[in-house]
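Undergrad: My questions concern the predicted model and sequence given below.
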Amino acid sequence: MAAVSPDGLRYPPAVQLLTPEGERVSHPDYSIDLSETDLRGLYRDMVLVRRIDAEATALQRQGELGLWASCLGQEAAQVGSGRALRADDYAFPTYRDHGVTWSRGISPLEMLAMYRGVTNGGWNPTEKRCALATIVIGNQALHAVGYAMGVQLDGADVATIAYFGDGATAEGDVNEAFVFAAVYNAPVVFFCQNNQWAISQPRDRQSRVPIYERAAGFGFPGVQVDGNDIVAVMAVTRAALDRARNGDGPTLIEAFTYRMSAHTTSDDPTRYRHADELEVWRLRDPIERLKVHLARQGMADRNFFDQVDREAEDLAVHVREGARAMPEPAGETMFDNVYAEPHALLDQQRAALVEFEASFADEVHT
Amino acid sequence: MAAVSPDGLRYPPAVQLLTPEGERVSHPDYSIDLSETDLRGLYRDMVLVRRIDAEATALQRQGELGLWASCLGQEAAQVGSGRALRADDYAFPTYRDHGVTWSRGISPLEMLAMYRGVTNGGWNPTEKRCALATIVIGNQALHAVGYAMGVQLDGADVATIAYFGDGATAEGDVNEAFVFAAVYNAPVVFFCQNNQWAISQPRDRQSRVPIYERAAGFGFPGVQVDGNDIVAVMAVTRAALDRARNGDGPTLIEAFTYRMSAHTTSDDPTRYRHADELEVWRLRDPIERLKVHLARQGMADRNFFDQVDREAEDLAVHVREGARAMPEPAGETMFDNVYAEPHALLDQQRAALVEFEASFADEVHT
Amino acid sequence: MTTMTMAKALNVGLRRAMESDSRVLLFGEDIGRLGGVFRITDGLQKDFGEHRVMDAPLAESGIVGTAVGLAMRGYRPVVEIQFDGFVYPAFDQIVSQVAKLHRRSEGMLAMPIVIRIPFGGGIGAVEHHSESPEAYFAHTAGLRVLSPSDPQAAYLTIQQAIACQDPVVYFEPKRRYWDKGDVDEAVDALDPSQAPDPWRARIVRRGSDVTVACYGPMVRTCLEAATASADASIEVVDLQSLSPLDIDTLAESVERTGRLVVVHEAAGSLGLGAEVAARITERCFFALEAPVLRVTGYDVPYPPSRVEEHFLPGLDRVLDAVDRAMEY
Amino acid sequence: MTTMTMAKALNVGLRRAMESDSRVLLFGEDIGRLGGVFRITDGLQKDFGEHRVMDAPLAESGIVGTAVGLAMRGYRPVVEIQFDGFVYPAFDQIVSQVAKLHRRSEGMLAMPIVIRIPFGGGIGAVEHHSESPEAYFAHTAGLRVLSPSDPQAAYLTIQQAIACQDPVVYFEPKRRYWDKGDVDEAVDALDPSQAPDPWRARIVRRGSDVTVACYGPMVRTCLEAATASADASIEVVDLQSLSPLDIDTLAESVERTGRLVVVHEAAGSLGLGAEVAARITERCFFALEAPVLRVTGYDVPYPPSRVEEHFLPGLDRVLDAVDRAMEY
Ligand SMILES: Cc1ncc(C[n+]2csc(CCOP(=O)(O)OP(=O)(O)O)c2C)c(N)n1
Ligand SMILES: Cc1ncc(C[n+]2csc(CCOP(=O)(O)OP(=O)(O)O)c2C)c(N)n1
Ligand SMILES: [Mg+2]
Ligand SMILES: [Mg+2]
C-alpha cells in the first residue's frame, strides 16, 4: 500500500515490518524476533494506553483534569520504543508520551497527576528511570544528552532516549542536543514522533525535508520508521539503543505517525485540518493492525481480545476513581522543595501564608 | 597538492579554482569570468585589508584600541564573498569580518571605532547595506534570514548574506536560522568561515563532520570552498547569491580557511595549538597565491605590486593617525538613542550625571 | 461604544494597526488559521493574507531574531509568544539585540517590534503557562513594557505599542481576556488629543486613605478590594506602563493618601513592587505614614493549578495589607 | 595564609572541590587547555583529565542543558559562562529547568549545578563583556546567587557553592580577578565551625553614620569611599549572597546607623538595590532617618568602554549619596 499523505509525504516510510493489513514483511536492515507472548503483550500495552488516554480525555471534559494531551494514534511509536528500552536505560518524555511512561512502569494516576494540577511532576524519575514530562519544547533533548554523557563517564552499559515531536525539531535546543551528542559520541537515541502536526502547524512549517535526514549533517545516522507499526518501531529503536550502548553514538529515529486527536483538550483541530486526513490515517491504526496480525496468525483469539478489553475497562474504572480521589495539595506545599537546603525567606513566607489563611473562619476568597 | 591538515580534514576542499601555487584550475560546477582589472582589484583589496588588520593589531599593542580581532589569513574568504555582493545586497558580519566590511565601503576608521571603545557600532548599516558587527555568536544569522524574508515580501531583487564561524554552527540560533531560511525559502546565503578554531576549540569540538554537510538535512544545498582561494570563493558565493535572488532559496557555504593570528589580541594561541599547523597554512596564503597568479600570467608587474604596497602604507598612516584622533565621547552620550521616543527617566538621569560631573573642579575619580 | 472582551478588543486593535500601516506584520506560532491559542489573531490571516499574518516554526529565538531582520528591512513585526513561560528561549535576542540595536546603531536602526505575551495565572493551566516574567524586561534598558487591564486600554495600547518606534514587550493578562468592557472604537489611538498617553499610570478609582498600585490582571482584583473595603478609602492606580514607570502620577496619589500598597502576581523579590517601593519611598519620604507594603506571588515557582489560589494575591490579601498600612 | 589574586583563589578553590568530590565536573567553552579566557581553570584539565574538565561546543543552552542531565546522573557540574553577556542563550534552561526541577520532582531530583559568570565592567571591553545580569537570577525562585568580593571569600564560597544541593549562579567580579588578598587555605570551607556561612552578609567595615550595602566589584569601591570619607563614618556591608538576601545582618546595621546607601553596577531599575531598599524600609521604617538611596549603573545598555567610567558607580558618587543621606 503506497499512498501519498495529504502533506505530500510518501507512505509507508522507509522501515515497515507490519503492514496496515497486518502482514509481516521483511526489511534488509531491520529484523526482530518477537514471541507470541511479546506480541500479545505489546497489543495489551497499546489497548490499555489507549483506554487510559480515552478516560483521561473524558475526565478532562468532566472537569476532573485541567488539561489532557492525547496520544491517540501514537501508541505504537510510544510503546514500541518504550518497550525496546532495558530496565537501566533512561527515557526523557514529553507531555504526550503516555505510552512511553506506561512502558516505564509509571501508573496512570501518576501520569494524570500533573494534568489534574496536584503536582508539576508525578513520579519518581530516578526509580522509574524516566524523567518527568517536559513541557518546554526541546529542553529535554539536552537533558538526555547530558545524562548520556554521564553514563559514558561512568562507563555504564546504559542508553538514554529523548522524545520530542516534529515541531520540536525547529527549536535551538534540539539542534544543540544533536551537536553535543555527536561531539561527545553520547549513547543517546533521539526519538522524534512526527505526528504531522505541531498544534495547528503542519510538518512542513518546521522542515522542508523528512526529519530523519537532519541527522546526517550532524554526523550520525537517521532513520525513518513507520510509527504506527509497533514491530518496526521496536526493531529500529532496539538497534539504535544497541548502537548507543556499543559506543557507536547517537541515532535519530523519525517515527512517522499521526496525532489522531486534538493537540490537547483545549484545542479545536477543525479550525486547521481536514477530516479526510484523519480518515486516511484511521486505516493505518497501530492497534488494529497488530490485532489483525495476531488474529490472522492465530496468536490470539477472541477470548484474549475480550480479556484485554475487560482489563482496559477495569483500568478505566481505577483511573476514574483514582483521579477523583487524589488528595488536594495544601496551599503551603508550594514552598516544599523549592530549595534542598534551608531558606529562611521561604520559611517566613510559608508561616505568613499559614497564619493568614488560618485567620479566616471559612474559605479564602479570590 | 592533496594534503591532510592536522585535524584530519582533507585539503584542498571540494571547490578550488586557484591552487596555492597560483595556477587556475577548473571545476565542473563553478566557473567565473574575472578580468585582469577585477583580479588586480581583489589583490589590492586583500593587501589593504591585511594592512589595516596589521595596523589595528599594532594600535591595540600601543593601547590605542581596547581589543582587535584579526582576520589574518581569511582575506580571500571575506573579500571574495564581500565583492560577490551587489550594491543592494545586505551583509551581516561578525567582529572579525573586516574584509567584508571593507568590501561594503566601510572605512577602516569606522571598523576600528568599536574596538577603540568610542561606540558599540561604527557605521550606518542602512547606507552601507551592512549590519553592524555582531558579537553574540550566531545572533546575526537570524537577522539575515529575517531581512531576507522582508526582501521576499517586498518582491525585491536582493540577497542577504550571513557570516559566522565554525564555532557558531553549534549555537541554537544558527540552526534556527537554517530552519527559518528553509521554511520560508528565504533569499539568504549562510557564509561560514571555518577557520579551524573557535578561540581554543578545534573545529571537531563543534561538528564531527564537515560543516557544509549540515545544510542538506535542513533542505538546502551546502558547498565547501577553498576559503583561501579568492576566485573560488567569489564564484561559489556569486552562484549562491544568484540562487537566492532567483527564488531558489538558501545555500550554506563553508569557506575552508585558517585563522593565522590569535583569536583576538587578548588571546595566546601558543597555549592550545602547534606552530607547525600555522606553517602548513602559510603555504596556502590567500594573498600570495593571487600575487603569484597575477605575476605568472603577466597581469601585474612589480610596479603594480609596489604601488599597492605604497597605498597600503599610506592607508596605515591614515588609520594610525585617524584612530588616535578619534574624538572621545562625552559621558552623557550613553543616554543617546537608548530609546527613539522621549523617556523622562533617562532625561533625569542624564541631567543628574551632567550636574554631578560639573560639580567637580577637575576630572572625576573612579 | 461597543461592549467586548479584552480578547476581542486586542483583535480589533491589531486589525486597526494593520489597516493603518501596511508595514505591520503579525508573526508567531499558530496565529494564522488557528488564530492563536487564545484566538487573539482570529480572522486576521484570512483578511490580510499569509504574508502579513505569518505562522512561524516552533522556535522563539528564531521568531524574535527574524523579527529583528524584518524590522531592519522596514517592517513593524508584532510577535506573539504563545505563553509567558515560552519567552525564555528568545531572551538572548530580546536582551542582546532587540533592546540594544537602536543604541548600538546610534539611532540609525529603529526596532519597532512588539512582543505580545499572554501572562499570569489563575486559569488552571499546567506548568509554564501562568508565569509573570515582566520584571526581567522592565530591568532591561532599551525595552518598554506595557500591560493593559481592560478592553478599552487593550484596544488603544496595542495600537500605540505598534506605532511606537521603540520595542515594546506587551503583557496581556490572559485571565482577563474574557472580561467584558466598553470600547470606544471611534477614538483614534494614535491621536494624542483623543487617546490617553500609554506611558502614564491611570487612577482608576479615587480614594483618600491608601493608594493601591497594580497592573494587568491585578487591577480588577484591587478594584474589587477597594469596593469591598469597609474601613479604608482606597485609591487604585493602574500602572499600565511597567517601563518606564510613571512615578509622577503615583507620587501625586501617595502624597495625598500617605500610604501605598503594591500588588502583583510575580514573585516579590526583585519584582515591580520593589522598584515602585524604592522610588516612591525616596520621592515621598516625608509623606509616607507607613512603609510601602507589597502583596505579591511568593518566591516560589508558580505552583500546580490546584494550589494557585493560595499563590495569587486575592482580595483578602490586598485588604490585609491595606489594614496593615493603616495601622502604622 | 597565602597572598594570592582572586583568580588564583578561585582556581585553588575549584581544585579543592574537585579533590574532595569526584563527582565535581568543570564544563564550559575554552576551559581545558586554555584554562578559560580568564585562566580560572588553569592547569585543572592537565591534573584532572579531560573527563573532569570538559571543553564544550559553543552553545550555552547546550552547556546548561546537558549539565542538567549530568546532574540527574549524579554529577555536580560547575559550568563556566565565558562572559556575563553570553548567559542569555542559556536563560531558558536556567529559568525553566535548573531553577524548577527540584520543586517539580518534589525533591527527588537535586540540581547541584554551579553556573560561574565573570561579570561587571571596568575592564575596557567591547559590548556584551561588561554586564551585570544578577537581578534576572535573583528574581528567579529556585536559584541561589552568590558574588564574592575578595580572594578569601572567593576561595571559600566557590567550594560552598559547589557543595550546595541547590543550583547557584556564581558571579565573579572580573575586574577584581587580579586584586590580591590573604587566603587561609587551611580553613575547611565545608566545615561550618571553620568557614563563615556563605549566605550571610558580611560587615567588612564598621561605621556609625551610614550603612553602605554592596557586593562583588563594588565592595572595594565602597571601602575606598569609606576610607576617603571625611564627614561621615561609613559602615560597609558586603551582601555576598544576592539570593537569598541576608536582610537580618543589614537591618541590624541600619538600625544602628539610620541610613542606607545601596551600590551596584547593574542598572538601577529593578536592580538588587530596589529589593534591598523595599525590604529594609519595611523592616526599619522607624529607624530610617533618610530614604534608602541607590547608586547604580544608569538605565542604559552598558556603554562603550571609553564612556564606562561615567556609567560605573565610583567613589565620588558613593560619597555624594552618603552626603545626601546625611542631609536628611
Ligand atoms: C518553547 C515552547 N514553545 C511553545 C510551546 C507551546 N506548545 C506546546 S506543544 C506545541 C507543539 C508541539 O509540537 P510537536 O513538537 O510536534 O509535538 P506534538 O505536540 O505534536 O506531540 C507548542 C507550540 C511550548 N510548550 N514550549
Ligand atoms: C553567545 C556567545 N558565547 C560566547 C562568546 C565568546 N566568544 C567570542 S568569539 C568565540 C569563538 C567563536 O568561534 P567561531 O564561531 O569559529 O568564529 P571565529 O572567532 O573563529 O571567527 C567565543 C566563544 C560569544 N561572543 N558569544
Ligand atoms: Mg507534532
Ligand atoms: Mg572559527
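TA: That came in fine, so what should we check first? Ligands and ions are numbered 1, 2, ... in the order given.
Undergrad: Near chain B, which residues of the stretch 151-300 of chain C are found?
TA: With the criterion set to CB under 8 Å from any CB of the partner chain, the stretch 151-300 of chain C comes near chain B through C:164-166, C:244-245. Every C-beta, even on glycine, is put in place using the N, C-alpha and C of the backbone.
Undergrad: Spatially nearest residue to the residue of the stretch 51-200 of chain A found nearest chain C, not counting backbone neighbours?
TA: Per CB to the nearest CB, A:G117 is where the stretch 51-200 of chain A lies closest to chain C, at 3.3 Å. Spatial nearest neighbour of A:G117, excluding adjacent residues (CB to CB, 6 or more residues apart in numbering or on different chains): C:S305 at 3.3 Å.
Undergrad: okay, now C:D184: neighbour count?
TA: 12 (other CB atoms under 10 Å in any protein chain shown).
Undergrad: which residues does it contact?
TA: C:1-2, C:152 (CB atoms under 8 Å, 6 or more residues apart in numbering or on different chains).
Undergrad: same thing but 6 Å
TA: Listed by CB atoms under 6 Å, 6 or more residues apart in numbering or on different chains, the contact set of C:D184 reads C:M1.
Undergrad: Model confidence for it, exactly?
TA: C:D184 is assigned 97 on the pLDDT scale.
Undergrad: Out of the residues of the stretch 151-300 of chain C next to chain B, which end up buried?
TA: The neighbour count (16 or more other CB atoms under 10 Å in any protein chain shown) marks C:164, C:166, C:244-245 as buried among these.
Undergrad: Ligand 2: which of those is nearest?
TA: C:D166 (24.5 Å; CB to the nearest ligand atom).
Undergrad: Please tell me how far the closest one sits from C:E134.
TA: Distance of C:D166 to C:E134, computed by CB to CB, to the nearest Å: 16 Å.
Undergrad: wait, what's in contact with C:Y136?
TA: D:Y136.
Undergrad: now with 8 Å?
TA: Contacts of C:Y136 by CB under 8 Å, 6+ apart are C:91, D:136, D:139.
Undergrad: Against D:A7, how distant is it?
TA: C:Y136 is 30 Å from D:A7, by CB to CB.
Undergrad: again with A:E341
TA: 28 Å.
Undergrad: List the neighbouring strands of the longest strand seen in chain C plus their orientation.
TA: If you go by DSSP state E, chain C has its longest strand at strand C:260-267. Using DSSP bridges, the strands paired with strand C:260-267 are strand C:210-214 (parallel), strand C:293-297 (parallel).
Undergrad: starting at the chain centroid, how far to the last one?
TA: Okay, so that is strand C:293-297. 17 Å (CA atoms, centre = their mean, to the nearest Å).
Undergrad: Which SSE is immediately downstream of that strand?
TA: Where DSSP states H and E defines the elements, the next helix or strand beyond strand C:293-297 is helix C:308-311.
Undergrad: avg pLDDT for the host helix or strand of C:H102?
TA: Using DSSP H and E, C:H102 falls within helix C:101-104. Regarding helix C:101-104, the rounded mean pLDDT is 98.
Undergrad: Partner strands of the following helix or strand past that helix and their direction?
TA: Toward the C-terminal end, the helix or strand that comes next after helix C:101-104 (DSSP H and E) is strand C:114-119. Strand pairing for strand C:114-119, determined by DSSP bridges: strand C:76-80 (parallel), strand C:168-173 (parallel).
Undergrad: residues making contact with strand C:114-119?
TA: C:28, C:38, C:40, C:64, C:76-84, C:87, C:90, C:94, C:98, C:131-134, C:147, C:158, C:161-162, C:164, C:167-174, C:177, C:216.
Undergrad: do that strand and ligand 1 meet?
TA: No - applying CB under 6 Å from any ligand atom, one finds strand C:114-119 separated from ligand 1 by no less than 11.5 Å.
Undergrad: List the residues that contact the closest residue to ligand 1 within the stretch 1-150 of chain C.
TA: In the stretch 1-150 of chain C, the residue found nearest to ligand 1 is C:F86; the distance is 3.7 Å by CB to the nearest ligand atom. Taking CB under 8 Å, 6+ apart, we find C:F86 in contact with A:136-137, C:60, C:128.
Undergrad: Just the buried ones from these?
TA: Here, 16+ other CB under 10 Å leaves A:136-137, C:60, C:128 buried among these.
Undergrad: what number of residues lie near residue 153?
TA: Here I'm looking at chain A. So A:L153, with other CB under 10 Å, has 18 neighbours.
Undergrad: The intended chain is chain C.
TA: 24.
Undergrad: what's the answer for A:E311, then?
TA: Count around A:E311 with other CB under 10 Å applied: 14.
Undergrad: which residues touch the closest residue to A:H27 other than its chain neighbours?
TA: Excluding the flanking residues, the one nearest A:H27 by CB to CB, 6+ apart is A:V15, at 5.6 Å. For A:V15, the contact set (CB under 8 Å, 6+ apart) comprises A:27, A:29-30, A:223-226, A:232, A:235-236.
Undergrad: which residues does A:V15 form a beta bridge with?
TA: A:V225.
Undergrad: Look at it and report its pLDDT.
TA: pLDDT, A:V15: 97.
Undergrad: what about it, distance to A:A84?
TA: Counting by CB to CB, the gap from A:V15 to A:A84 is 14 Å.
Undergrad: isn't C:Y170 right up against C:Q160?
TA: No - look at C:Y170 against C:Q160 with CB atoms under 8 Å: they stay out of range, at 10.0 Å.
Undergrad: Which one's more surrounded, the two?
TA: Between C:Y170 and C:Q160, counting by other CB under 10 Å, C:Y170 is the more crowded of the two (26 against 22).
Undergrad: before we move on, back to that, state the separation between the longest strand of chain C and the centre of the chain it belongs to.
TA: With CA atoms, centre = their mean, you get 14 Å for strand C:260-267.
Undergrad: check whether the next helix-or-strand element following that strand contacts chain A.
TA: Downstream of strand C:260-267, the next assigned helix or strand under DSSP H and E is helix C:272-283. No - judged by CB under 8 Å from any CB, helix C:272-283 and chain A are separated, with a smallest distance of 13.5 Å.
Undergrad: and helix C:272-283, how far out from the chain's middle?
TA: Distance, centroid of helix C:272-283 to centroid of chain: 19 Å (CA atoms, centre = their mean).
Undergrad: when you scan it, is anything in it near chain D?
TA: Yes - residues of helix C:272-283 contacting chain D under CB under 8 Å from any CB: C:272-275, C:277-278, C:281-282.
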